[in-house]
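*Asks:* With the input below, show me the fold.
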Amino acid sequence: MNTTTLALGRSFNPLAQRSVYDWIFALLIVAGAGYALSRHGRAMDVYELSILAGAVPAMIALGWFWGPLRTLTLGVGALVLIAIALYARTPDDFGADLAAGEKVFLLKYFLSSQSAILWMSMLFFMSTAFYWIGLLARPSAGGSDNAAQHIGSGLAWAAVVMALIGMLVRWFESHQIAPDIGHIPVSNLYEVFVLFCWMTTLFYLYYEQHYKTRALGAFAMLIVSAAVGFLLWYTVVRDAHEIQPLVPALQSWWMKLHVPANFIGYGTFAIAAMVAFAYLVKSHAQETRWWKLAPLWLLGMVLCLEPLVFRKGAAETGSYWFVYFGISALIVAGILAARRRIAERMPSFEVLDDVMYKAIAVGFAFFTIATILGAFWAAEAWGGYWSWDPKETWALIVWLNYAAWLHMRLMKGLRGAISAWWALVGLAVTTFAFLGVNMFLSGLHSYGEL
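*Replies:* Numbers count the residues shown, from 1 in each chain. Prediction:
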């Protein structure tokens, strides 16, 4: 009895069986926070100091929970420090010469924010392509993942690294332009799409390792590549990569909490939808009647068309969007045409259903936190916790949609194709809440244009 009790106590002890690497990681995180505090503590208010203090145990806990995050955190941190050092005017001057971004080789081609984000974009496209090559190729001996899928996974990790470098260096660059311009890079569509890409990918990579299958990468990375396609268009047409001052309503420390929490929700909802799409493709593997397959193709087209519809005028719709739509239509049609081969490579329905459920559960938790934080932010900025602003109303619709999905699963045992269709439709609703409200419905949250 005593032995069992001791064994159980030891198994629930978070400090038990920590490796040397774990403790080195923890010490480096504490040291990094101490350095940031010594350099910039005087510029932080009490809320920002609280965020810094809370981030330290959170990052250590995450690194201990999922080992790859330790290497990712330390690697990205080292490369960002190299970028900052390359920007410095002299070894003794912690100011920065932003013109170095066009002169210093490593900055110009790899480590400046825009270069890193362009690398991120290319790597995400390549990762998606390799995942699909691996999915459609012959399986390896014993049914294990093949070389193309391993490459796709490695490229996804590399893209996450470049995305994080791009965001953190952009944060540094914004502060070097002027003190009143510097801000955490989650303030406009360009910045939050970068946030969406790496957060969604990182959550997928966790599920990939947890379930020991890379087959879902082909579907999960499709939504990330679609976001990258939008990001590149937005960069070229709107010069969105240029760092701009914050609008008054965004000049709040609440933004540092509310926006990332929101995008954990968006990212995991997107993963759930793509897993739902894979579920429906697998369930339709033997279907030959076109009218049974048409709803799945049409819903895929609705999701692909949403960014096109969000343009304010048809006259503004350029050839890029017609090419985007054409490629999207071919991709969805190609997936349905290859449904039998894809179905053979997919994990079991039980695994797909479990990933879908866990992704929505995580997303719902963080979306709830983000909504509560948003209410506090609204009270500070506009004098009231809730004003039925269109963005708030549609956030409530999204919350109710996934609350109902979880209720039906937990209380009524909802499973199978109905839950998959629901999760897929939920992505269309969420996308409208994220982008469409700003385009069609004027309100307090209308900060951006497409």
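
*Asks:* give me the low-pLDDT residue ranges for the stretch 201-350 of the chain?
*Replies:* Scanning the stretch 201-350 of the chain for pLDDT under 70 picks out 291, 299-321.

*Asks:* which residues of it fall in helices?
*Replies:* 217-238, 255-283, 290-309, 319-337, 339-345, 349-382 (DSSP state H, counting those that start in this stretch).

*Asks:* Tell me which of those helices is the most buried.
*Replies:* helix 255-283 (a mean of 24; mean count of other Cβ atoms under 10 Å). Using the backbone N, CA and C atoms, a C-beta is placed for each residue, glycine as well.

*Asks:* so that one versus helix 319-337, what angle?
*Replies:* Interaxial angle of helix 255-283 relative to helix 319-337 (axes from the mean of the first three to the mean of the last three Cα atoms, to 10 degrees): 40 degrees.

*Asks:* How many neighbouring residues does Trp171 have?
*Replies:* Using other Cβ atoms under 10 Å, Trp171 has 18 other residues around it.

*Asks:* likewise Ile24?
*Replies:* Ile24: 12 surrounding residues under other Cβ under 10 Å.

*Asks:* picking that back up, can the helices of the stretch 201-350 of the chain go into TSV with extra columns for distance to Trp422?
*Replies:* Output for the helices of the stretch 201-350 of the chain, formatted as TSV (distance: least, Cβ to Cβ, whole Å):
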stretch	distance to Trp422
helix 217-238	17
helix 255-283	8
helix 290-309	12
helix 319-337	19
helix 339-345	21
helix 349-382	10
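
*Asks:* Quick one: closest of the ones you listed to Leu164.
*Replies:* Shortest distance between Leu164 and the helices of the stretch 201-350 of the chain, using Cβ to Cβ, is found for helix 255-283: 12.6 Å.

*Asks:* Which neighbouring elements make contact with the closest one?
*Replies:* The helices and strands touching helix 255-283, judged by 3 or more Cβ pairs under 8 Å, 6 or more residues apart in numbering; DSSP states H and E, are helix 46-65, helix 189-211, helix 217-238, helix 290-309, helix 339-345, helix 349-382, helix 416-431.

*Asks:* returning to what we had before: and of the helices of the stretch 201-350 of the chain, who's closest to Asp45?
*Replies:* helix 255-283 (11.5 Å).

*Asks:* now that closest one, how far from the centre of its chain.
*Replies:* In terms of Cα atoms, centre = their mean, to the nearest Å, the centre of helix 255-283 is found 8 Å from the chain centre.

*Asks:* ok and it relative to helix 349-382, angle-wise?
*Replies:* With the same axes, to 10 degrees defining the directions, helix 255-283 sits at 150 degrees from helix 349-382.

*Asks:* between helix 255-283 and helix 46-65, how many degrees?
*Replies:* Using the same axes, to 10 degrees: helix 255-283 against helix 46-65 is 40 degrees.

*Asks:* quick one: helix 255-283 to helix 217-238, angle?
*Replies:* Using the same axes, to 10 degrees: helix 255-283 against helix 217-238 is 130 degrees.

*Asks:* let's number from 3 now, not from 1
*Replies:* Done: numbering now begins at 3, and the last item shifts to helix 257-285.

*Asks:* Compute the inter-axis angle for helix 257-285 and helix 418-433.
*Replies:* Relative orientation of helix 257-285 versus helix 418-433 (the same axes, to 10 degrees): 150 degrees.

*Asks:* related to what we said a few turns ago, mind checking the helices of the stretch 203-352 of the chain for the one nearest to His409?
*Replies:* helix 351-384 (10.6 Å).

*Asks:* what's the neighbour count on Leu39?
*Replies:* For Leu39, the neighbour count with other Cβ under 10 Å is 14.

*Asks:* any idea of the mean pLDDT in the strand or helix carrying it?
*Replies:* Leu39 belongs to helix 22-42 when assigned by DSSP states H and E. Helix 22-42 shows a mean pLDDT of 92.

*Asks:* Now it - C-alpha only, CSV.
*Replies:* Taking Å, rounded to 0.1, in the frame of the first residue of the first chain, the C-alpha atoms of helix 22-42 are listed here in CSV:
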residue,chain,number,x,y,z
VAL,A,22,19.9,17.8,-17.0
TYR,A,23,18.6,19.4,-20.2
ASP,A,24,15.3,20.3,-18.5
TRP,A,25,17.2,22.1,-15.7
ILE,A,26,19.5,23.9,-18.2
PHE,A,27,16.5,25.0,-20.2
ALA,A,28,14.8,26.3,-17.0
LEU,A,29,17.9,28.2,-16.0
LEU,A,30,18.3,29.8,-19.4
ILE,A,31,14.7,30.9,-19.4
VAL,A,32,15.1,32.5,-16.0
ALA,A,33,18.4,34.1,-17.1
GLY,A,34,16.8,35.5,-20.3
ALA,A,35,13.9,37.0,-18.3
GLY,A,36,16.4,38.5,-15.8
TYR,A,37,18.4,40.0,-18.7
ALA,A,38,15.2,41.5,-20.2
LEU,A,39,14.2,42.9,-16.8
SER,A,40,17.6,44.5,-16.3
ARG,A,41,17.6,46.1,-19.8
HIS,A,42,14.0,47.1,-20.2
